[in-house]
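> The amino acid sequence is not available; the structure is as follows:
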């Protein structure tokens, strides 16, 4: 089964470039292109893609609203991969809060784009530490602790809170396993439990929840400290 992809970007050359890059891979099928958020929404409804590459700034309906509406309507579990320039902005942050699975830079090397699509399609997330930390620092400094989100953390065990903190600091499962001297499979099980208990989609939402709940603060993201 090939991975069905919709490419949404208002710049035709960017759109076509991503499509050409992806179409050389036998396991990836670009089923549609979209130049506006509304076209992206319509393409998602029509083609039921596995992954949507979504630009944020598009006419008619921006990528933020399109992401939110697609994920609210979809009954097949699509994943949204946000396309962004070098400095993630507040729109990207809000798209991730709306349920987008990852974000990549528009100048991503061609060989990495297909890998990113496969990772997201398989249920993974892309958390490039340098980018993630930059936007987390930028936006959590302006946000107060969300008491409702903080209250949800009471559902977690002490170990789960430890692991959630490590995830929010950018640690991989292997790094967490090494830090806590437990097996990688055990870490994976704890992460799954955290997602279930808190009603989250993926690791990116764990990061956002950890900051919004006050579990960790902006600037406190050095793994192992």
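Good, I have the coordinates. From a predicted model like this one, the values you see are computed outputs, not experimental measurements.

> how distant is the one helix or strand residue 195 maps to from the center of its chain?
In the assignment (DSSP states H and E), residue 195 maps to helix 184-198. Distance of helix 184-198 from its chain centroid, counting by CA atoms, centre = their mean, to the nearest Å, is 17 Å.

> Can you name every helix or strand that that helix contacts?
Identification of packing neighbours for helix 184-198 by 3 or more CB pairs under 8 Å, 6 or more residues apart in numbering; DSSP states H and E yields helix 158-168, helix 173-180, helix 203-212. Where you see a C-beta, it was placed from the backbone N, CA and C, and this is true even at glycine.

> Please state the offset of the first one from the chain centre?
How far helix 158-168 lies from its chain's middle: 19 Å, per CA atoms, centre = their mean.

> hmm, back to that, redo the helices and strands packed on helix 184-198 as a markdown table? Include distance to residue 48, mean neighbour count and mean pLDDT.
Rendered in a markdown table, the data for the helices and strands packed on helix 184-198 read as follows (distance: least, CB to CB, whole Å; neighbours: other CB atoms under 10 Å; pLDDT from 0 to 100):
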| stretch | distance to residue 48 | mean neighbour count | mean pLDDT |
| --- | --- | --- | --- |
| helix 158-168 | 30 | 19 | 93 |
| helix 173-180 | 30 | 17 | 92 |
| helix 203-212 | 23 | 22 | 84 |
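
> Those: which one's closest to residue 67?
Of all the helices and strands packed on helix 184-198, it is helix 203-212 that lies closest to residue 67, at 12.6 Å by CB to CB.

> circling back: redo the helices and strands packed on helix 184-198 as JSON lines? Include distance to residue 51.
Below are those laid out as JSON lines (distance: least, CB to CB, whole Å):
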{"stretch": "helix 158-168", "distance to residue 51": "22"}
{"stretch": "helix 173-180", "distance to residue 51": "22"}
{"stretch": "helix 203-212", "distance to residue 51": "15"}
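
> And the helices in this structure, which stretches?
12-23, 37-47, 63-73, 90-97, 110-121, 129-140, 147-152, 158-168, 173-180, 184-198, 203-212 (DSSP state H).

> just to revisit the earlier point, what's the closest of the helices and strands packed on helix 184-198 to residue 15?
helix 203-212 (24.3 Å).

> how far out from the middle of the chain is the closest one?
Helix 203-212 has its C-alpha centroid displaced from the chain centroid by 11 Å (CA atoms, centre = their mean).

> before we move on, what about stretch 39-46?
20 Å.

> Stretch 98-109 now?
7 Å.

> Would you indicate which residues of that stretch are buried?
Within stretch 98-109, the residues that count as buried by 16 or more other CB atoms under 10 Å are 98, 99, 100, 101, 102, 103, 104, 108.

> And stretch 187-206, by the same measure?
Quick answer for stretch 187-206 (16+ other CB under 10 Å): 187, 190-191, 193-194, 198, 200-206.

> Then stretch 5-19?
Result for stretch 5-19 [16+ other CB under 10 Å]: buried residues 5, 6, 7, 8, 9, 10, 15, 17, 18, 19.

> Can you pull out the residues in contact with it?
Contacts with stretch 5-19, where a contact means CB atoms under 8 Å, 6 or more residues apart in numbering, come from 22, 28-37, 39-40, 43-44, 47, 49-55, 57-59, 63, 66, 83, 106, 113, 117.
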